[in-house]
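>>> using only what follows, build the 3D model:
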Amino acid sequence: MDYKKIAENLSALLVKGTFKTDVPLKKHTYTETGGVADFYVTVYDFEEASRVLEYSYNNRIPVTYLGNGSNIIIRDGGIRGIVLNMLKLDYIEVDADVLTVGSGCAIIDASNFARDHSLSGLEFACGIPGSVGGAVYMNAGAYGGEVKDCLLEVTVLDESGKKIVLQNGELELGYRKSVVQQNDYVVVEAKFALSTGNKGDIQAVMDDLTERRERRQPLEYPSCGSVFQRPPGNFAGKLIQDAGLQGHRIGGVEVSKKHAGFMVNVDNGSASDYEELIKHVQDKVFNEFGVWLNREVRIIGEPVYRRSKRYEQ
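Got it, this is the predicted structure:
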């Protein structure tokens, strides 16, 4: 890639938006791990995002969408090409019982906004540390609720920057999967169909879920959230605990002593530490119980390698 040319073109494409080079991605992930992004692009509206995607598509520049970085591990070699940050699209609007939310908005903020307007349906999301775009991407859920239960429609961009509107039934929403994920769409906006409720009752549910989350999850350490999908008829955390792996550490990352379904960065761990620990846990659980634990957390980026100097501001 001609990095200097890309920088010049991005400067011309972006109006409100900005870009930086060689950005350490550990500052943008909940695990506090990850190498650098060649170009870290922040857009402020749909049009800018579309222009960046169209440009990257026409010039064969890889693009990676990064939300809040809450359920992702970025490898220590970082990400080539463009990392697209849409967290500035964080607006929330309400019309009767429909909430329209920008993809960069935190799903927790959307849940709180719904409560403040006496709208029920997003209580389950009050503790999910991710963006609305990320929540739609993986059909996020917690404590019996999922995005698919209240999602009305989604506006996305395809790899060429084309706008597409998808209704709930077209999204193929399943356990931690969606057509957004399958087709690598970029979420721009989501609409949630909620129901009128009592603000006090909604708050009571959220308080209960928050208390349960704080009591059971290792929120005191950096982590990528729940590492594994729930195997049919079982629980990943219980299998890991029964395999004697709770507290097992590789490098600076360990299986949480508080909840075995989480892996926490306790001592300046790396993405490589996470990957090795995940593989070790998968192998041990399979050998012990014959159950393979599929990852819920996404792992992206490149392994460590020595990059040549190729761009100067």
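>>> ok, what's across the strand from residue 163?
Judged by DSSP bridges, the bridge partners of residue 163 are residue 157.
>>> check contacts around it.
46, 50, 155-157, 188 (CB atoms under 8 Å, 6 or more residues apart in numbering). Where you see a C-beta, it was placed from the backbone N, CA and C, and this is true even at glycine.
>>> check what pLDDT it gets.
As predicted, residue 163 sits at a pLDDT of 97.
>>> shaky segments in this protein?
In the predicted model, the chain carries pLDDT under 70 at residues 305-313.
>>> where do the helices sit along it?
All helices of the chain, identified by DSSP state H, fall at 3-13, 46-58, 107-116, 132-137, 179-183, 199-216, 236-242, 271-289.
>>> may I see the buried residues of stretch 247-264?
Neighbour counts over stretch 247-264 (16 or more other CB atoms under 10 Å) mark 248, 250-256, 259-264 as buried.
>>> how far away is residue 243 from residue 237?
Counting by CB to CB, to the nearest Å, the gap from residue 243 to residue 237 is 11 Å.
>>> ranking the helices of the chain by burial, who's on top?
When neighbours are counted by mean count of other CB atoms under 10 Å, the highest per-stretch mean among those falls to helix 132-137, a mean of 29.
>>> so what's the gap between that one and the chain middle?
7 Å (CA atoms, centre = their mean, to the nearest Å).
>>> packing partners of it?
Contacts defined by 3 or more CB pairs under 8 Å, 6 or more residues apart in numbering; DSSP states H and E place helix 132-137 against helix 107-116, helix 179-183, strand 186-193.
>>> alpha carbons of the first one, as PDB, please.
Provided in PDB are the C-alpha atoms of helix 107-116 (Å, rounded to 0.1, in the frame of the first residue of the first chain):
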ATOM      1  CA  ILE A 107     -26.000  -0.100  24.400                       C
ATOM      2  CA  ILE A 108     -26.000   0.800  28.100                       C
ATOM      3  CA  ASP A 109     -26.800   4.400  27.200                       C
ATOM      4  CA  ALA A 110     -29.600   3.200  25.000                       C
ATOM      5  CA  SER A 111     -31.000   1.100  27.800                       C
ATOM      6  CA  ASN A 112     -30.800   4.000  30.300                       C
ATOM      7  CA  PHE A 113     -32.500   6.300  27.700                       C
ATOM      8  CA  ALA A 114     -35.300   3.900  27.200                       C
ATOM      9  CA  ARG A 115     -35.800   3.700  31.000                       C
ATOM     10  CA  ASP A 116     -35.900   7.500  31.300                       C
END
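>>> quick one: closest of the helices of the chain to residue 296.
Between residue 296 and the helices of the chain, the shortest separation by CB to CB is 8.5 Å, and it involves helix 236-242.
>>> that closest one packs against which elements?
The contact analysis (3+ CB pairs under 8 Å, 6+ apart) places helix 236-242 against helix 271-289.
>>> so what touches the helix it packs on?
31, 33-35, 73-76, 224, 227-228, 239-240, 242-243, 245, 248-255, 263, 265, 291-293, 295, 297, 299, 301, 303-304.
>>> what does stretch 290-308 give?
25, 34-35, 64, 71-80, 138, 176, 224-229, 231, 234, 236, 239-240, 271-272, 274-275, 278, 281-282, 285-286.
>>> the closest residue to residue 69 other than its chain neighbours - how many residues pack around it?
Nearest residue to residue 69, sequence neighbours excluded (CB to CB, 6 or more residues apart in numbering): residue 29, at 3.7 Å. Neighbours of residue 29 under the rule other CB atoms under 10 Å: 21.
>>> thanks again, I'm all set now.
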